[in-house]
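S.K.: Sequence first, predicted coordinates after that:
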Amino acid sequence: MSFLRINNIGKTFLGERKEKVIALSDLSFDCQDGEFLCIVGPTGCGKTTLLRLIAGLEQPSEGDIILADTVIQDLNREATLVFQQYSLFPWRNVIDNVCFSLEIKKIPKKTRYLKARKFIDLVGLTGFEKALPYELSGGMQQRVAIARALAHNPKLLLLDEPFGALDERTRHRLQEKLLAVWQKEQKTVVFVTHNIDEAIFLASRILIMRDRPGRIDNEIKVDLPRPRDRRSQGFLKLHIKIREILEQILITNTNNQRGVL
Amino acid sequence: MIPIIIIAVWEFFAIQANNPALLPRVGDVVNRLIHPFTDLLNTGSFVRHICVSASRVVLGFILAAVIGIPLGLLVGRYLLFHRLFSPVIELLRPLCPIAWIPFAMAIFKTYTIADMFGAHYTTSIFGHIQLGMLYVIFYGGFFPIFLNTVHGVKSVKHLYIESALLLGADQKKLFKKVIFPSSLPSILTGLRVGLGISWMVIIAAEMLPGSDAGIGYLIIFSYELAEMDILIASMILIGAVGALLSYGVKVIADRTSVWQAKER
């Protein structure tokens, strides 16, 4: 029995001129409990929409999303989404941002600060506890957002290109930390990224999406042993394979457009 | 620089006019101002009049805030409340508070808060807080507070609301921990503007018949007795107190919303 099941979902929006925009169509996949799923695909293929649907922030126009045997009809309380945009509460300092969910759960201040410090340390921001979000760089803000999501401790962690704004070294370090948390806490992760390298390093399985309308094009199981070596033969082979698939998607798109014209 | 020019021009014309009932000398006005506890025209001192006016404003303003902020939060957040209140509010908003003064006087006569609690309090400050005045101050302060609160709630970024919900917040917590703090800078702007308007409205209300104290009353009374130095000194005091009130709210606002100024 899969933990998360996406069942033939479709999502249609009304565009600015009231025209129908099909963001997702006939999209299905399963995700096992404890799996680390990465989703890659061209820009505008509906990756973010997919995450929003899983989080229950929006409802699919067709099909349904089933999490642990329940159809998601409202906000998904088992999931937390780390947004691509900076979503920290600007009036709260770093530690109080990380503490937000603990505060909601009415955990006493001492305990929650202790817990929050652990996650702040995990994302490498010890010493910035009292800083307000505007005092941090974009990458640092995103790390706080990840710490905040981890402190909430959801069963399902949804991440929308969380490391996009980071430099390569920090990104690599955070990838390792995220993997450590995933392995230790037995979480299920759905991770959207542009970065093929990142997907191979992290994922147990990679889903490749295509656009217009957004749907699953291909699925690749990553069997490389962990910790993964980015320079190993298997890693590079996989990289080339995914790149080829993505390029193929781009080519068919261009052809389709020509056909329309 | 500009104040010096104004004072110089004033002094020049005062000397030319040579008539303190028309335009008093700067020195005469300053002399009034440096004796704030001296009784004026048998009505009490500047300090007393200011205190009477300020107590009216503070009470009416608190009333406006206590009703305006919660109502603004509800109207800004819930469509039902928006539909219920916004037609009334759109109709009342263009109606200047001063236009209400005659009506308020007709309805409330000269009833004071003291009258409500019994004559025992008549000699206290409550004996000077007329319900009609309270009403117009409330009315003047209410709209800026209410409208800024609504605006604040409506400008809360959707991203913050979604983040909070995904971190486990329910509607109540959402209000307390996201919507309120996020709208706070806007609410404080409303309070500042509202306090300014309340202070203007009270002066106008005190000038009307039925008033027996307050800085607005002092202005109109000294006008009737052609005591121009008291009149001008009162005007200066009104400006000073108004600026002080505004500055006070601003200090609080700046302290609580550093983040807002710096937010991209």
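M.R.: Looks like it arrived, so ask away.
S.K.: For the spatially closest residue to residue B:10 that is not a sequence neighbour, grab the count of nearby residues.
M.R.: Leaving out its chain neighbours, the residue that sits closest to residue B:10 by C-beta to C-beta, 6 or more residues apart in numbering or on different chains is residue B:26, at 6.1 Å. Any C-beta I mention is one placed from the backbone N, CA and C, and that applies to glycine too. Residue B:26: 16 surrounding residues under other C-beta atoms under 10 Å in any protein chain shown.
S.K.: so where's the longest helix in chain B?
M.R.: Scanning chain B for the helix with the most residues, using DSSP state H, yields helix B:46-77.
S.K.: Show me the residue sitting in the middle of chain B in space.
M.R.: Residue closest to the average C-alpha location in chain B (C-alpha atoms, centre = their mean): residue B:198, at 2.4 Å.
S.K.: ok, it touching residue B:137?
M.R.: Yes - the criterion here is C-beta atoms under 8 Å, and residue B:198 meets it with residue B:137 at 4.7 Å.
S.K.: Name the residues contacting each of the two.
M.R.: B:57, B:60-61, B:64 (C-beta atoms under 8 Å, 6 or more residues apart in numbering or on different chains).
S.K.: if we can go back for a sec, how far does the longest helix of chain B sit from its chain's centre?
M.R.: 7 Å (C-alpha atoms, centre = their mean, to the nearest Å).
S.K.: again, but for stretch A:168-179
M.R.: That offset, for stretch A:168-179, works out to 14 Å (C-alpha atoms, centre = their mean).
S.K.: contacting residues around it?
M.R.: With C-beta under 8 Å, 6+ apart, stretch A:168-179 has contacts from A:36, A:122-124, A:139, A:143, A:146, A:163, A:166, A:189, A:198, A:201-202, A:226-227.
S.K.: next one: stretch A:56-71
M.R.: A:1, A:3-12, A:24, A:26-28, A:49, A:52-54, A:72-76, A:78-79, A:81, A:155-156, B:162, B:165-166.
S.K.: just the buried members of those?
M.R.: A:3-6, A:9-11, A:24, A:27, A:49, A:52-54, A:72, A:76, A:78-79, A:81, A:155-156, B:162, B:165-166 (16 or more other C-beta atoms under 10 Å in any protein chain shown).
S.K.: Show only the entries of those found in helices.
M.R.: Using DSSP H, those in helices are A:49, A:52-54, B:162, B:165-166.
S.K.: and chain A, which residues reach chain B?
M.R.: For chain A, the contact set with chain B under C-beta under 8 Å from any C-beta of the partner chain comprises A:55, A:57, A:75-77, A:79-81, A:83, A:85, A:87, A:89-92, A:100-101, A:103-105, A:132-135, A:148-149, A:152.
S.K.: Now, of those residues, which are buried?
M.R.: A:55, A:57, A:76, A:79-81, A:83, A:87, A:89-92, A:100-101, A:103-104, A:132-134, A:148-149, A:152.
S.K.: wait, what's in contact with residue B:228?
M.R.: For residue B:228, the contact set (C-beta under 8 Å, 6+ apart) comprises B:20-24, B:222.
S.K.: wait, doesn't residue B:64 sit right on residue B:137?
M.R.: Yes - between residue B:64 and residue B:137 there is a contact at 7.4 Å, judged by C-beta under 8 Å.
S.K.: which neighbours do those two share?
M.R.: In contact with both residue B:64 and residue B:137: residue B:198, using C-beta under 8 Å, 6+ apart.
S.K.: List the contacts of the residue located most distally from the centre of chain B.
M.R.: Distance from the centre of chain B peaks at residue B:166, with 41.0 Å (C-alpha atoms, centre = their mean). When contacts are counted by C-beta under 8 Å, 6+ apart, residue B:166 is found next to A:55, A:57, A:75-76, A:79-81.
S.K.: out of these, which are inside strands?
M.R.: Among these, the residues falling in strands (DSSP state E) are A:79-81.
S.K.: still on that earlier bit, ok, so of the shared contacts of residue B:198 and residue B:137, who is nearest residue A:245?
M.R.: Using C-beta to C-beta, residue B:64 is the member of the shared contacts of residue B:198 and residue B:137 that sits closest to residue A:245, with 63.8 Å.
S.K.: tally of neighbours for that closest one?
M.R.: Look at residue B:64: counted by other C-beta under 10 Å, it has 26 neighbours.
S.K.: again with residue A:130
M.R.: Residue A:130: 10 neighbours (other C-beta under 10 Å).
S.K.: Show the backbone phi and psi for it.
M.R.: phi -90, psi 0 (degrees, to the nearest 10).
S.K.: That one and residue A:92 touch, don't they?
M.R.: No - between residue A:130 and residue A:92 there is no contact under C-beta under 8 Å: 10.8 Å.
S.K.: Can you check which residues contact both of the two?
M.R.: Contacts common to residue A:130 and residue A:92, judged by C-beta under 8 Å, 6+ apart, are absent.
S.K.: circling back to that earlier point, put the buried members of the contacts of residue B:228 into a ChimeraX selection.
M.R.: Applying 16+ other C-beta under 10 Å to the contacts of residue B:228 leaves a buried subset, and the ChimeraX line that selects it is:
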select /B:23,24,222
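S.K.: For chain A, state which of the contacts of residue B:228 is nearest.
M.R.: Of all the contacts of residue B:228, chain A sits closest to residue B:222, with 47.8 Å by C-beta to the nearest C-beta.
S.K.: thinking again about what came up before, return the per-residue confidence for the residue nearest to residue B:10.
M.R.: On pLDDT, residue B:26 comes in at 82.
S.K.: what's the burial count for the closest residue to residue A:241 other than its chain neighbours?
M.R.: Using C-beta to C-beta, 6+ apart and skipping residues adjacent in sequence, the residue nearest residue A:241 is residue A:220, 7.2 Å away. Neighbour count of residue A:220, defined by other C-beta under 10 Å: 18.
S.K.: hang on, isn't residue A:220 packed against residue A:205?
M.R.: Yes - using C-beta under 8 Å, residue A:220 makes contact with residue A:205 at a distance of 7.0 Å.
S.K.: What are the boundaries of the strands in the chain?
M.R.: Since no chain was named, I'll use chain A. Using DSSP E, the strands of chain A run over A:4-14, A:20-31, A:36-40, A:62-67, A:70-71, A:79-82, A:156-160, A:188-192, A:205-210, A:215-221.
S.K.: wrong one, I was asking about chain B
M.R.: Using DSSP E, strands in chain B do not occur.
S.K.: Show me which residues of it are close to chain A?
M.R.: B:159-160, B:162-169, B:173, B:177-178, B:181-182, B:184, B:257-260, B:262-264.
S.K.: Give me the buried entries from these.
M.R.: Buried among those by 16+ other C-beta under 10 Å: B:160, B:162-169, B:173, B:177-178, B:181-182, B:184, B:257, B:259-260.
S.K.: Show me where chain A dips below the pLDDT cut-off.
M.R.: A:1, A:257-261 (pLDDT under 70).
S.K.: mind checking the longest helix of it?
M.R.: Per DSSP H, chain A has its longest helix at helix A:233-260.
S.K.: was I right about residue A:157 contacting residue A:190?
M.R.: Yes - Residue A:157 is within contact range of residue A:190, at 7.4 Å (criterion: C-beta under 8 Å).
S.K.: on that earlier part again, what separation do you get for the residue nearest to residue B:10 and residue B:3?
M.R.: 11 Å (C-beta to C-beta, to the nearest Å).
S.K.: cool, and residue A:231?
M.R.: Separation of residue A:231 from residue B:3 (C-beta to C-beta): 74 Å.
S.K.: Same check on residue A:225?
M.R.: 80 Å.
S.K.: In chain B, what helix or strand scores lowest on average pLDDT?
M.R.: Sorting the helices and strands of chain B by mean pLDDT, DSSP states H and E puts helix B:258-262 at the bottom, at a mean of 68.
S.K.: is the residue most central in space within chain A in a bridge, and if so with what?
M.R.: The centre of chain A sits closest to residue A:159, judged by C-alpha atoms, centre = their mean, with a distance of 2.2 Å. Listed beta-bridge partners, residue A:159: residue A:82, residue A:191 (assigned using DSSP bridges).
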